[in-house]
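Student: Sharing a sequence plus its predicted fold:
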Amino acid sequence: MLERWTLAVLRARALVIAAWLIILAAGVFAATQLPDLLATSFDVPGTESERARTLLAEHFDERPEGTFVVVFRGAPSDRALRRRLERRLEIAARQVPSGDARGLREGGGILYGEIVTRLDLDDAKEYTVALRDALRGSGGPRAWVTGQPAIQHDLDPVLASDLRRGEAIAVPLALAVLVFMFGASFAVFIPFAFAACTIAGTVAAVAGVALVLPTSTYVTNLVALIGFALAVDYSLLIVYRFREELARSDTFPDAISRTMSTAGRAVVFSGLAVATGLALLLFVPVPFIRSMGVAGLLVPLVSIAGALTLQPVLLSLVGRRLSPRAARRGEGAWATLSRWIMRRPLRVLLGGTALLLALAAPALALRVTPGSFEGIPHAPESSQGLELLRDGVGSGAVTPTHVVINGGARSRSAIERLANGLARDPEVHIVARGKRPPYVDDSRRFSRVIVVGRHEYGEPETRALVHRLRDRLVPAADFPTGTTVVTGGAPSQGTDFLSATYDAFPWLVLAVLSVTFVVLLVAFRSLLLPLKAVLLNALTVAAVYGVLVLVCQWGAGAGALGLEQTGAVEGWIPVFLFATLFGLSMDYEVFLVARMREAWDRTGDNALAVAEGLEQTGAVITAAALIMVAAFAGFVAGRVSGLEQLGLGLALGVLIDATIVRALLVPAFMAVFGRWNWWLPGETRTTPPRANGTTRRP
């Protein structure tokens, strides 16, 4: 089937080139528009925090995520200065639609106030510059504008700069690896041309999605670096096989056709495995994770489309200039390694498994957080304002908890009891309530209590406060029957984010394992090999979690890697890593085992099939892994801790998979199980398995 498809594509290559040039142009244009469509929000529909957010927007005309915080340095006791600064804040608030300045508060040598809005986060961030300009132009003490909209605004150029830095690492290293593999050959340029077109296609698709769905700020970096890694890998593996086929094919189209029916088929199955893992993120009921899943899903899908259309055309354009590479058997370092493993497969299997288990052990101490202000760069103005607030008042001042009560005047006594209970809580710094706006809405049916904690929204102490509020303090206040009390704001949102994410995570794990097993069952036509792949990949992911704990929580090697020791891993990282690494691990699994399957179908000799598969793919898988690690190192070189943790996890996962798993454990496992590797119930083309593992097919 792929042979016929490939020949049809080659006949229409002018049309294919024109289509991909249009896609390339669309992607370049979309890249200029995409940042304005993105914002990182942790809203979780259907949760208590989301109900509170809706009530605040409908009855108090404000959204906590659209609230700016302005910090002044000044003497709080100077009443004249305070009045001037309050007037200055009111004038500046006019620059933001629906902006409403709230009175200044004091603490630790600073004055700070809020400009509340009815805007969503992605709309509010667009007014950060106008607000700062208005405050600078009014004279007096310097103002620092912070809060969630300002932080989002300041992150956009940081992420863009980090992406350029990541590309500056990934592209030269990928070029060096390709030159090492192919020499000074036209083959070097095929993966780069392929990557440029597929990344552009993915960016254009993501921009379309961002027009209708909330999409995270991180997706631009995600698409660029993961897209580059996957595209170059796929193209490299196809070009590498094509040079072999050139040496043994009678015609040039026949070489392309045979390449696509072997390496091309493996790319399709590999891409489907990656896409499957990421597609399952769409079932996690959290928009942030869904947006990352959509972006990640589009990367392999566009890469598959490119592999089936653009890649054969690129081979046809420059392939005649490539030097053929004859397949060699029984020579070189990989053949030596194969023979070494075959002599002691059980020891290699047990030793490698023990090493991965040791790396995975720290994962038992994994701590997750919905986010942290510590994880953002310290240079932007919004970060400096946060530091002033943290030093003067406490980290919780930027992201207070809002308790919204629907009970009217009959709830006043209960609100008083709730406020008194909160005031006695050691985590609570400020409790604000009142009988007039902004604590009561115009209908006087809804009231709210604003709670400022001593820690920022992602800290365990803050999440514990949210749980105490919901489970103990609100019930203890004894609100009248029929009164609705909900807690919102960033602390409650973060708590609900983690709860919704990790309630769904076990089902995600089960689904990824099951679907991956089925995909590989079809690809390998074997029952044991998919099971082995699923188990080894799960062990690889566990080892990555363990190393993340060592580095990010415990600080082992963090300084050497240029990473921040944050004491926790961002909550979306383990989920996204699991889905992504399971797919990426399938990448090399498919290429290695598919080559072994070819040798098995040809010879019926398991030992020969394992040795030949490792020898023929060892070099190219290692090269592909180096390129992927280089791309993911671009995340590590950034300044946003979430993406640093993601990059470290992805790079480690690929490195472990390409070395310990693919080079040692897979061939050792297959040597131990012999002909059972290729057994499939109902398969009649092979003889019954025998213990020696070398019986040929009849």
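Tutor: All right, it came through fine.

Student: From the contact counts, what lies against the helix or strand W144 falls within?
Tutor: Per DSSP states H and E: W144 is located in strand 143-147. Strand 143-147 sits against strand 68-73, helix 128-136, helix 381-392, with contacts defined as 3 or more Cβ pairs under 8 Å, 6 or more residues apart in numbering; DSSP states H and E. (Each C-beta comes from the backbone N, C-alpha and C, glycine too.)

Student: Name every strand pairing with the shortest one and say which way it goes.
Tutor: Same thing as strand 68-73. In the sheet, strand 68-73 lines up against strand 110-116 (antiparallel), strand 143-147 (antiparallel) (DSSP bridges).

Student: burial count for the closest residue to V179 other than its chain neighbours?
Tutor: Nearest non-adjacent residue to V179, counting by Cβ to Cβ, 6 or more residues apart in numbering: V188, 5.8 Å away. Applying other Cβ atoms under 10 Å, we find 19 residues neighbouring V188.

Student: ok, now how distant is V188 from F194?
Tutor: 12 Å (Cβ to Cβ, to the nearest Å).

Student: How about A176?
Tutor: Counting by Cβ to Cβ, the separation of A176 from F194 is 18 Å.

Student: quick one, helices of the stretch 301-450 of the chain?
Tutor: 332-343, 345-360, 381-392, 412-423 (DSSP state H, counting those that start in this stretch).

Student: got the angle for the third one vs strand 143-147?
Tutor: Yep, that's helix 381-392 we're talking about. Angle, helix 381-392 to strand 143-147, by axes from the mean of the first three to the mean of the last three Cα atoms, to 10 degrees: 90 degrees.

Student: what's the answer for the longest one, then?
Tutor: Helix 345-360 runs at 130 degrees relative to strand 143-147, counting by the same axes, to 10 degrees.

Student: what helices or strands is helix 345-360 leaning on?
Tutor: Judged by 3+ Cβ pairs under 8 Å, 6+ apart, helix 345-360 is in contact with helix 528-548, helix 666-673.

Student: rewinding a little: so A176 and F194 - more neighbours on which side?
Tutor: F194 (24 against 13).

Student: and that one, what does it touch?
Tutor: A231, V232, Y234, S235, G306, A307, L310, Q311, L314 (Cβ atoms under 8 Å, 6 or more residues apart in numbering).

Student: Apply 7 Å and report the result again.
Tutor: A231, S235, G306, L310, Q311, L314 (Cβ atoms under 7 Å, 6 or more residues apart in numbering).

Student: Send me the helix or strand harbouring it as CSV with only the CA atoms.
Tutor: Per DSSP H and E: F194 is located in helix 189-210. The C-alpha trace of helix 189-210 is given here as CSV (Å, rounded to 0.1, in the frame of the first residue of the first chain):
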residue,chain,number,x,y,z
PHE,A,189,19.9,19.3,4.3
ILE,A,190,16.9,17.0,3.9
PRO,A,191,16.0,16.7,7.6
PHE,A,192,16.3,20.5,8.0
ALA,A,193,14.0,21.2,5.1
PHE,A,194,11.6,18.6,6.4
ALA,A,195,11.7,20.1,9.9
ALA,A,196,11.1,23.7,8.7
CYS,A,197,8.0,22.7,6.8
THR,A,198,6.5,20.4,9.5
ILE,A,199,7.1,22.9,12.3
ALA,A,200,5.5,25.6,10.2
GLY,A,201,2.5,23.4,9.5
THR,A,202,2.2,22.7,13.2
VAL,A,203,2.4,26.3,14.2
ALA,A,204,-0.3,27.2,11.7
ALA,A,205,-2.5,24.5,13.1
VAL,A,206,-1.9,25.6,16.7
ALA,A,207,-2.8,29.2,15.8
GLY,A,208,-6.1,27.9,14.5
VAL,A,209,-6.8,26.0,17.7
ALA,A,210,-5.8,29.0,19.8
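
Student: Report the distance from that helix to the chain centre.
Tutor: 18 Å (Cα atoms, centre = their mean, to the nearest Å).

Student: for the stretch 551-698 of the chain, which spans come out with low pLDDT?
Tutor: 683-698 (pLDDT under 70).

Student: hey, where'd the helices end up in it?
Tutor: Using DSSP H, counting those that start in this stretch, the helices of the stretch 551-698 of the chain run over 558-561, 572-603, 606-636, 641-656, 666-673.

Student: packing partners for the fourth one?
Tutor: Here helix 641-656 touches helix 528-548, strand 569-570, helix 572-603, helix 606-636, going by 3 or more Cβ pairs under 7 Å, 6 or more residues apart in numbering; DSSP states H and E.

Student: Make a markdown table out of these and add mean neighbour count.
Tutor: Output for the helices and strands packed on helix 641-656, formatted as a markdown table (neighbours: other Cβ atoms under 10 Å):
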| stretch | mean neighbour count |
| --- | --- |
| helix 528-548 | 22 |
| strand 569-570 | 24 |
| helix 572-603 | 24 |
| helix 606-636 | 24 |
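
Student: Minimum distance to A210: which of the ones you listed has it?
Tutor: helix 572-603 (17.8 Å; Cβ to Cβ).

Student: Does the closest one pack against any helices or strands, and if so which?
Tutor: Against helix 572-603 (3+ Cβ pairs under 7 Å, 6+ apart) you get helix 265-279, helix 287-318, helix 490-524, helix 528-548, helix 606-636, helix 641-656.

Student: what's the angle from the third one to helix 572-603?
Tutor: Relative orientation of helix 490-524 and helix 572-603, computed by the same axes, to 10 degrees: 0 degrees.

Student: Helix 490-524: which residues count as buried?
Tutor: For helix 490-524, the neighbour count (16 or more other Cβ atoms under 10 Å) marks 490-501, 504-505, 508-509, 511-513, 515-516, 519-520, 523-524 as buried.

Student: still on that earlier bit, of the contacts of F194, closest to P380?
Tutor: Nearest to P380, judged by Cβ to Cβ, of the contacts of F194 is A231 at 32.1 Å.

Student: What are the buried residues along the helix or strand harbouring the closest one?
Tutor: In the assignment (DSSP H and E), A231 maps to helix 219-248. Within helix 219-248, the residues scored as buried using 16+ other Cβ under 10 Å are 219-246.

Student: Just after it, pick out the following helix or strand.
Tutor: Next along from helix 219-248, by DSSP H and E: helix 252-259.

Student: so how far is that following helix off the chain centroid?
Tutor: Distance, stretch centre to chain centre, for helix 252-259: 37 Å (Cα atoms, centre = their mean).

Student: Which strands or helices does that helix pack on?
Tutor: If contacts are counted by 3+ Cβ pairs under 7 Å, 6+ apart, helix 252-259 sits against helix 2-11, helix 219-248, helix 287-318.

Student: Thank you kindly, that will do.
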